[in-house]
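Make a model of this:
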Amino acid sequence: MTTILRQATKALLNEVVINVAPDFSGRLTVYVENGELKAYRPYSPEEFTATLGTFIELAVRAGWKVTPPEEE
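I've put the predicted structure just below:
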C-alpha cells in the first residue's frame, strides 16, 4: 500500500469501541454520530430489524390481511 493511500485510508477511518462481554456473540444496533459511538443495544435471539414494508410483507406471508386505513 502506498504511503499516500495509507494516509488517506487512516484519515477516513475512525475507531469505535463497543464494550461487550468477552463471550458475546450476536447482533447489535449501533448509533454513531459524527464518528462517535452514542449508543448500542444487543438483539435478543428472537429480535430482528426490518423496514415497515418488510414487516407488512412478513405479516401477509403469515396470513394477516393488511389494508390501509380508509381516507376521510
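
Where does pLDDT dip in this protein?
Low-confidence segments of the chain (pLDDT under 70): 1-12.

Restrict stretch 61-72 to CA atoms and write it as PDB.
Extracted in PDB, the C-alpha atoms of stretch 61-72 (Å, rounded to 0.1, in the frame of the first residue of the first chain):
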ATOM      1  CA  ARG A  61     -47.000 -14.200   4.300                       C
ATOM      2  CA  ALA A  62     -48.100 -15.300   7.800                       C
ATOM      3  CA  GLY A  63     -51.800 -15.000   6.700                       C
ATOM      4  CA  TRP A  64     -52.600 -11.500   8.100                       C
ATOM      5  CA  LYS A  65     -54.800  -9.200   5.900                       C
ATOM      6  CA  VAL A  66     -53.100  -5.800   5.800                       C
ATOM      7  CA  THR A  67     -55.200  -2.900   4.500                       C
ATOM      8  CA  PRO A  68     -54.500   0.800   4.600                       C
ATOM      9  CA  PRO A  69     -56.900   3.000   6.600                       C
ATOM     10  CA  GLU A  70     -59.900   4.400   4.800                       C
ATOM     11  CA  GLU A  71     -59.400   8.100   3.800                       C
ATOM     12  CA  GLU A  72     -61.900  10.500   5.200                       C
END
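
The residue most central in space within the chain: what secondary structure?
In the chain, the residue lying closest to the centroid (CA atoms, centre = their mean) is Thr29, at 4.5 Å. Secondary structure, DSSP: H, G, I helix; E, B strand; the rest coil: Thr29 is strand.

is it true that Val32 lies in a helix?
No: assigned with three-state DSSP, Val32 falls outside any helix and is strand.

For it, list each beta-bridge partner.
Leu37 (DSSP bridges).

quick one: it and Ile18 touch, right?
No: with contact defined as CB atoms under 8 Å, Val32 does not count as touching Ile18 (10.2 Å). Every residue, glycine included, has its C-beta placed from N, CA and C.

Now do the shared contacts for those two.
Common contacts of Val32 and Ile18 (CB atoms under 8 Å, 6 or more residues apart in numbering): none found.

List the contacts of the nearest residue to Ile18 once chain neighbours are set aside.
Nearest in space to Ile18, with sequence neighbours left out and distances taken as CB to CB, 6 or more residues apart in numbering, is Tyr40 at 5.6 Å. The contact partners of Tyr40, by CB under 8 Å, 6+ apart, come to 18, 28-31.
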